[in-house]
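Participant: next comes the sequence, and after it the predicted model I'd like to discuss.
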Amino acid sequence: MNCLTRTLVQTRQSVLVIQRGMKKKSKIPVTLLKDIPRVGSAGAVIQVNKAYMRHELYPKRMAEYVLTREGPLDRTKVVEKESGAAPSRTHVEAQQKVHSMALSNQETIGLIMKLQPLVFERKVVVAADGGAEEGVQAIYGSLAKTDVIKALAEEHGIVIDKDALSMDDKIKSVGEYRCVVKLIYAGQASFKAQVVPAKDESQQQQ
């Protein structure tokens, strides 16, 4: 075996060793946020393939990475847990909190999906002849996110943050509008908000 052949063989062997080392670290620990058939139950910490986590579980909010602190610089990074090692109390409490939030948000989304349109009465802008303006019926003031969030809480017991609600910033005319609620670990659901003339005004127009 000449020198060149020996060098190529050694290089190939080194590449194989590196590849084997990489394969050993292809799985990482994750915490399941939902029950997944043939994978595990919500709250369980399991080992899964990195690509499966990156492309399937994490984007769909079905699992989250397990974070621990280690190393002289105390950097936070994803690491593999030792097989059979008992989770710390802090870790357990954190996972319980995540699981509780997921269940709560999923319940909220379920309630929103069953909502009938929320109705808001508003005074209509009156034209010079005493009737409502033709075409679009403008209203005095507007319908804002805070109005919708307040109605959800007072009429249906559904409490959400302002950032979770997507709708037109300020609705200024009579009509029906789509509102979307997005919650972490639970996805999204939509409902309708209807702006109608105040009752006394609608009776006058008839």
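Facilitator: Arrived safely.
Participant: and the strands in this protein?
Facilitator: Using DSSP state E, the strands of the chain run over residues 27-32, 45-49, 63-65, 67-70, 75-78, 118-122, 138-144, 165-166, 170-173, 175-183, 187-197.
Participant: mind checking how far Ala42 is from Ala102?
Facilitator: Using Cβ to Cβ, to the nearest Å, Ala42 is found at 7 Å from Ala102. (Glycine included, C-beta is placed from N, CA and C.)
Participant: now for the two: what residues contact both?
Facilitator: Common neighbours of Ala42 and Ala102 are listed as Leu33, Lys34 (criterion: Cβ atoms under 8 Å, 6 or more residues apart in numbering).
Participant: re the thing from before, same list (the strands of the chain) but as JSON lines, adding mean pLDDT, mean neighbour count and distance to Val98.
Facilitator: Shown next, in JSON lines, are the strands of the chain (pLDDT from 0 to 100; neighbours: other Cβ atoms under 10 Å; distance: least, Cβ to Cβ, whole Å):
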{"stretch": "strand 27-32", "mean pLDDT": "86", "mean neighbour count": "20", "distance to Val98": "7"}
{"stretch": "strand 45-49", "mean pLDDT": "89", "mean neighbour count": "16", "distance to Val98": "12"}
{"stretch": "strand 63-65", "mean pLDDT": "84", "mean neighbour count": "19", "distance to Val98": "7"}
{"stretch": "strand 67-70", "mean pLDDT": "51", "mean neighbour count": "12", "distance to Val98": "12"}
{"stretch": "strand 75-78", "mean pLDDT": "42", "mean neighbour count": "10", "distance to Val98": "16"}
{"stretch": "strand 118-122", "mean pLDDT": "95", "mean neighbour count": "17", "distance to Val98": "30"}
{"stretch": "strand 138-144", "mean pLDDT": "92", "mean neighbour count": "16", "distance to Val98": "32"}
{"stretch": "strand 165-166", "mean pLDDT": "94", "mean neighbour count": "14", "distance to Val98": "22"}
{"stretch": "strand 170-173", "mean pLDDT": "91", "mean neighbour count": "16", "distance to Val98": "35"}
{"stretch": "strand 175-183", "mean pLDDT": "95", "mean neighbour count": "17", "distance to Val98": "13"}
{"stretch": "strand 187-197", "mean pLDDT": "94", "mean neighbour count": "17", "distance to Val98": "16"}
